[in-house]
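**Student:** Give me the fold of what follows.
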Amino acid sequence: MSRARLNIFIEPEHAKRLDRLAVHKGVSKSAVIAAALASFLSPDGGDQREAAIAKRLDRLSRQFDRLERDQNILIETVALYVRYFLTVSIPVPEGQQDAARAQGRARYVQFIEQLGRHLQRGRSLVREVHEEIEPEAAPTHAGQEEPEEAADGPAV
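**Tutor:** All right, here's what the predicted structure looks like:
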């Protein structure tokens, strides 16, 4: 196969990246440039790039939709809890406030410890809630741990 010789000038940073890529791939710099040029000049190249971008955008859209769903679950959970707490909480008599604060601190420490264990196991309360709401839409996770709420102690 006959090849044409070209002398080109590129930015020093591009030259460094070309050297690293050629070494990493185990091919010559000419082979890397030829492949890049063929891709760039290919009539399908633009379509392939557009398809790749569309695929990435679709993936980002799905991720955004999941984030939005999770955020809505969290917002509704906090709002429901606040409404419930404010509705059922009775004022603590003046003489019992120190004891109530001490109990609140102890319960908070227990909550943080339980949250830490929950996060270390990679569990997600939002995912659990979503799976309870829409069990048919929830992916099955082979080998995933069963909930161990009893081991964590009572919910706080």
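
**Student:** can you give me the strands in the chain?
**Tutor:** With DSSP state E as the criterion, the chain has no strands.

**Student:** where does it have low pLDDT?
**Tutor:** 1, 45, 137-156 (pLDDT under 70).

**Student:** Mind jotting down where the helices sit in it?
**Tutor:** 12-25, 29-41, 45-88, 97-120, 125-133, 149-152 (DSSP state H).

**Student:** Could you dump those into CSV with mean neighbour count and distance to Ser2 added?
**Tutor:** For the C-beta atoms, the positions are set from N, CA and C on the backbone; glycine is no exception. Putting the helices of the chain into CSV (neighbours: other C-beta atoms under 10 Å; distance: least, C-beta to C-beta, whole Å) gives the following:
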stretch, mean neighbour count, distance to Ser2
helix 12-25, 11, 22
helix 29-41, 12, 13
helix 45-88, 11, 24
helix 97-120, 12, 63
helix 125-133, 14, 60
helix 149-152, 10, 73
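
**Student:** Dump those helices to a markdown table, plus distance to Arg5.
**Tutor:** Formatted as a markdown table, the helices of the chain follow (distance: least, C-beta to C-beta, whole Å):
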| stretch | distance to Arg5 |
| --- | --- |
| helix 12-25 | 17 |
| helix 29-41 | 10 |
| helix 45-88 | 24 |
| helix 97-120 | 60 |
| helix 125-133 | 59 |
| helix 149-152 | 71 |
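
**Student:** what's the closest of those helices to Arg3?
**Tutor:** helix 29-41 (8.3 Å; C-beta to C-beta).

**Student:** who does that closest one touch, helix- and strand-wise?
**Tutor:** If contacts are counted by 3 or more C-beta pairs under 8 Å, 6 or more residues apart in numbering; DSSP states H and E, helix 29-41 sits against helix 12-25.

**Student:** what does the helix it packs on contact?
**Tutor:** Here helix 12-25 makes contact (C-beta atoms under 8 Å, 6 or more residues apart in numbering) with 10, 28-29, 31-33.
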